[in-house]
Structures are given as structure tokens and as C-alpha cells.
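Visitor: quick one, what's the 3D model for this:
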Amino acid sequence: MGGSYATAGADTIGRESHMNIRKAAALALFLAGAAAAATCGGHGTRESLFVSTQWLADHIKDANLVVLAVGEKADYDAGHIAGSVFIEYGSVGVKGESGLMLELPPMDKLAEVFSKLGVGNDSRVVVYRLKDWLTQAARTILTLDAMGLGKNAAMLDGSLATWKEEGRATSGATSKDAPVVQPGKLTPCPRSDVIADLDFVKAHLHRAGVRILDARDPKVYSGETVRTGMAPGHIQGAGNVHYNGLLDEKTGKLKPVEELQAKFRDAGVKPGDRVVTYCFIGQQASALYLVSRYLGYDTRLYDGSWDEWTKHPELPTETAANQKK
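Guide: Take a look at the predicted model:
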């Protein structure tokens, strides 16, 4: 009898022990998710979306800082900001199943890409241009924004050339201080307010409070210049803010806020408007998206852009010579 009671007691203790282990594991998963959620979501602001070279120099040793270099690998190998990691731009953009030239990869693939580069939910990510890759660098930040990491992502105000001109530390491909990347713990929380699809643009085409902006060259926007294989002109009613006019030509840094605001105002953007940017395939418009967020506008990127819009001949377009079609 005593042996039976002892066995039963041991079984009860064993079951309780297993239950406690399962509860502890569940709690750990919950807390991990809560921690990720606490550092995931939101967008960058004027105070966070661009950082100066001085800020980066002051924070370059921060444990949670990840600096990503965008450009050609050969340029990275020739010399880059010390401690920065090269990101292969092709890893954050894919050709769409419907034939569109550029779309975001699935979130799990993006998480894998950025995690391998050391990005986690608690990382502060700074993206910089090795050379003149503004649109690709902006697209990288937009991708992080779509993943829910936008409030902790920024672009360096200036490029590698700016950094070098100031005599700051660089490394080469064979440098002994090449970064040792520890994979980040990254759980995306996908945002629904970054990418606009075709239906969204159609529904908001002439709606008050929504301004569609074309990021392409004014001559392309007007229809004077035509890209091979694409129709001339722009989405009916869209304004034009050329992405190439966002930076100072001499310094490579962002133009003053007042000048940028004037560009948006001249393109028909009013205070409180929601802005939708587009271009040929969604890359040039990423730069305009970034600056629009910087200026405080609730912004979307129409990722299908002109590539998708003109595949639907029933949708309205116009040129300077023919205002409506």
C-alpha cells in the first residue's frame, strides 16, 4: 500500500513538473513576442530618419547599432565605413509573379536577410550610400519600414564620400577590423500602411486629402521623354517631385526642410494630405517616400507604379500635350 501511494505521488509530481515546464516555455515565448512587439512598429520621424556623420561617429561603437552599406561590392571592398556591413541590394527586391519588375520579398525571407546582417528588433539601423545609390538606399529603409522596423532605421545624411572628406575611419576588404556579424533576433511585424496596391490608388485617384506624386524626371512625367517599352506621361492628376532634386548637388546631403516643403507644396500637397509616391517600378519613388515621411506626411509607396498602371489600358493617364486620356 505504502509503495502504491509513493508511486502515485511520484507520478503526480512528475505531471506537475511537466506542466510547469510547459507553462514556463509558453511564458518565455509570450515574453519574447512581447519584447519584439515593444520594439516593432511605427515609422521614422524628422528627428530619426536622417543622421549626421557626427552622430554616426559618436555612436559607431553602440552595441545595438548596425550600419549597412548600399552599392557595388567592389566599392565596398575598396573602402567602407569601419564596422559597416555590405547588403546585397538584390536581396530586398524581387520580380513579381505577375511580371512586375520590383516587389518586396516575403517577410520571412526579409527577416532571414536582415537577421544575417545582424539586425534584430532592438537594433538601430543606419543605411548609407557607397556612391550615388540614393534610391536603392531609400528602398532598403522602406523595406525595413514595411517590416515594422522603420522607427529605428535611418539614412546617413551624406555618403561614403562625405565620411571620407571629414577624415573619419574606413576599412578595406582585407582589414583586420572587419565586422564579426552576430545574427540578430528578428521578428517582423508587417505594416499595412507602407505599400499601396493598384486598388488603393484607383480608389483614391481623385479623392480630397490624398495627393499622388510622380518621382520621375519632369521630362518623363510630361511625356517629352519616353522610356523604351513604356507609355508616355503619368497617372492622371498626379503631381511631380523629382527624386533627383531632393539632395544638394554639391554636398550630397538632404536639402533644407523649407526647400523640400516648397517642392511638395508646388506639386499640390496640402497640410494633412496623405501622399502616395510612384515612379517606373517603385525604386525612385522610395526616395520620395522617405523624404515625404521625413516631412511628416502619412505616406504610401505605390509599388506597382507606372509598370503596373500602364498594363491596364482602361486606367487614366495624361501628358503635358494631352491632359486627359
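Visitor: in contact with the residue sitting nearest the centre point of the chain, which residues?
Guide: Nearest to the mean C-alpha position of the chain, counting by C-alpha atoms, centre = their mean, stands residue 142 at 1.6 Å. By C-beta atoms under 8 Å, 6 or more residues apart in numbering, residue 142 lies in contact with 194, 286, 289, 290, 301. (Glycine included, C-beta is placed from N, CA and C.)
Visitor: right, and the pair among these with maximum separation?
Guide: 194 and 290 (11.2 Å; C-beta to C-beta).
Visitor: more crowded one of the two?
Guide: Ranked by neighbour count (other C-beta atoms under 10 Å), residue 194 and residue 290 place residue 290 first, with 33 against 22.
Visitor: if I look at that one, how far off is residue 56?
Guide: Going from residue 290 to residue 56 by C-beta to C-beta, to the nearest Å gives 17 Å.
Visitor: quick check: residue 202 is in a helix.
Guide: Yes. Assessed with DSSP: H, G, I helix; E, B strand; the rest coil, residue 202 lies in a helix.
Visitor: give me the neighbour count for it.
Guide: Neighbours of residue 202 (other C-beta under 10 Å): 13.
Visitor: report the contact partners of it.
Guide: Residue 202 neighbours (C-beta under 8 Å, 6+ apart): residue 315.
Visitor: tell me the pLDDT of it.
Guide: pLDDT, residue 202: 97.
Visitor: now swap in residue 5 and tell me
Guide: pLDDT recorded at residue 5 is 42.
Visitor: from the contacts of residue 142, which land in helices?
Guide: Within these, residues falling in helices by DSSP state H are 286, 289, 290.
Visitor: so the first one sits against residue 134, correct?
Guide: No. Under the criterion of C-beta atoms under 8 Å, residue 286 makes no contact with residue 134, lying 9.0 Å away.
Visitor: which one's more surrounded, the two?
Guide: Neighbour tally, residue 286 and residue 134, criterion other C-beta under 10 Å: the higher count belongs to residue 286, 28 against 22.
Visitor: the more buried one and residue 110: what is the separation?
Guide: Distance of residue 286 to residue 110, computed by C-beta to C-beta: 15 Å.
Visitor: same question, residue 290
Guide: Taking C-beta to C-beta, one finds residue 290 at 18 Å from residue 110.
Visitor: count of neighbours near residue 104?
Guide: Residue 104 has 22 neighbours, counted by other C-beta under 10 Å.
Visitor: hang on, it packs against residue 190?
Guide: No. Look at residue 104 against residue 190 with C-beta under 8 Å: they stay out of range, at 9.6 Å.
Visitor: need the overlap of contacts for the two.
Guide: Common neighbours of residue 104 and residue 190, using C-beta under 8 Å, 6+ apart, are residue 146.
Visitor: so where do the helices sit in this structure?
Guide: Assigned by DSSP H, the chain shows helices spanning 2-38, 53-59, 73-78, 107-116, 134-146, 160-165, 198-203, 218-222, 257-266, 284-294, 305-309.
Visitor: in the second one, what's buried?
Guide: Spelled out, it's helix 53-59. Buried positions in helix 53-59, judged by neighbour count with 16 or more other C-beta atoms under 10 Å: 53, 56.
Visitor: ok, stretch 195-212 next?
Guide: Neighbour-count burial for stretch 195-212, with 16+ other C-beta under 10 Å as criterion, is recorded at 195, 196, 198, 201, 204, 205, 210, 211, 212.
Visitor: what does stretch 238-245 give?
Guide: Residues of stretch 238-245 classed as buried by neighbour count (16+ other C-beta under 10 Å): 238, 239, 240, 241, 242, 243.
Visitor: show me the shaky parts of the stretch 151-300 of the chain.
Guide: Residues of the stretch 151-300 of the chain that meet the criterion pLDDT under 70 lie in 173-178.
Visitor: all strands of it, in order?
Guide: All strands of the stretch 151-300 of the chain, identified by DSSP state E, counting those that start in this stretch, fall at 153-156, 170-171, 195-196, 210-214, 234-235, 239-240, 274-278, 298-302.
Visitor: given the fourth one, what are its sheet partners and their directions?
Guide: Read it as strand 210-214. strand 239-240 (parallel), strand 274-278 (parallel) (DSSP bridges).
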